[in-house]
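In: With the sequence up front, the predicted model follows.
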Amino acid sequence: MPYLQYQATHVRLTTSYIALDTALQPIAREKFLELLASGGYLPLRLQSPDSQQVYRLHPIPETATDVRGVIQQTGIRYLQYFREEGTTMPLFNWTDLNGNQYTPENTKGKVMALKCWFIACQACKEEMPALNEIVQQYQENKEMLFVSLALDEPAKLQEFMRHTAFRYAVVGDQQPMMDSLHIHAYPTHLVIDRKGKIFRITDRHEELDAILQEALREG
């Protein structure tokens, strides 16, 4: 579908952007996403003289039912992510496959990238090389942590990691945490700020680096 190609290339609604209504007037981000979630509007990306992303709501004909359905699902997902921003992470005490422990106390003051996944998820595996490149990019930054939360039990993850290159820390048996975070699609990425609050959520690894840079700048 052409819209899916457009969305993959041009739509980045978890990074900072200027939202405009159909009359090119600024609109609150939440209202913009609510209208997308109605399925009646396309998030049309506009050219900007600087690097700022700008999106305008463009009405979709009622007869374009397939496109309206896809955009409605996208809007609902982005709206859910938006409403989680600024909320405090549920309490956690994770031990990764190498025995390292992660708690709110010892991760405070750091920006943490969380990947939610499971072994049988093909998309989760396909993005790992790109995620490894991001980890490599930030390897000298002591303010960054990369942790993956998997549904699988540690023994299965140990076996998987024997033949898979993945540079995130890996924590198993995380179904309860996924439920607490309302994660129902995989892969999903969360960026947690230095105060332990959810900064952004995205299901696209292509957006992750820009989100991390924003989180680090905000201090």
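Out: Done, it's in.

In: ranges for the helices of this protein?
Out: Here the chain has its helices, by DSSP state H, at 2-10, 29-37, 65-84, 104-107, 122-126, 128-137, 154-161, 175-180, 208-218.

In: okay, these, which one's buried deepest?
Out: helix 29-37 (a mean of 19; mean count of other C-beta atoms under 10 Å). Quick note: C-beta positions are derived from backbone N, CA and C, even for glycine.

In: Output the helices of the chain as a markdown table; include the columns mean pLDDT.
Out: A markdown table is the format used below for those (pLDDT from 0 to 100):
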| stretch | mean pLDDT |
| --- | --- |
| helix 2-10 | 64 |
| helix 29-37 | 93 |
| helix 65-84 | 87 |
| helix 104-107 | 96 |
| helix 122-126 | 97 |
| helix 128-137 | 97 |
| helix 154-161 | 96 |
| helix 175-180 | 95 |
| helix 208-218 | 92 |
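
In: Can you check which of the ones you listed gets nearest to T22?
Out: Ranking the helices of the chain by proximity to T22 (C-beta to C-beta) places helix 29-37 first, at 9.2 Å.

In: who does that closest one touch, helix- and strand-wise?
Out: Applying 3 or more C-beta pairs under 8 Å, 6 or more residues apart in numbering; DSSP states H and E, one finds that helix 29-37 makes contact with strand 17-20, strand 41-46, strand 53-59, helix 65-84.

In: Let's have the ones you listed in a markdown table, adding distance to L212.
Out: Output for those, formatted as a markdown table (distance: least, C-beta to C-beta, whole Å):
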| stretch | distance to L212 |
| --- | --- |
| strand 17-20 | 17 |
| strand 41-46 | 22 |
| strand 53-59 | 16 |
| helix 65-84 | 16 |
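
In: Out of the ones you listed, flag the one nearest E153.
Out: Among those, helix 65-84 comes nearest to E153, with 26.9 Å by C-beta to C-beta.

In: What helices and strands are in contact with the closest one?
Out: For helix 65-84, the packing partners by 3+ C-beta pairs under 8 Å, 6+ apart come out as helix 2-10, helix 29-37, strand 41-46, strand 198-202.

In: out of the helices of the chain, which comes closest to S48?
Out: Judged by C-beta to C-beta, the one of the helices of the chain that comes nearest to S48 is helix 2-10, at 12.4 Å.

In: domain ranges for the protein?
Out: 2-84, 94-218 (automatic domain parsing).

In: Now C124: closest residue in space, sequence neighbours ignored.
Out: In space, and not counting its chain neighbours, C124 is closest to W117: 3.7 Å by C-beta to C-beta, 6 or more residues apart in numbering.
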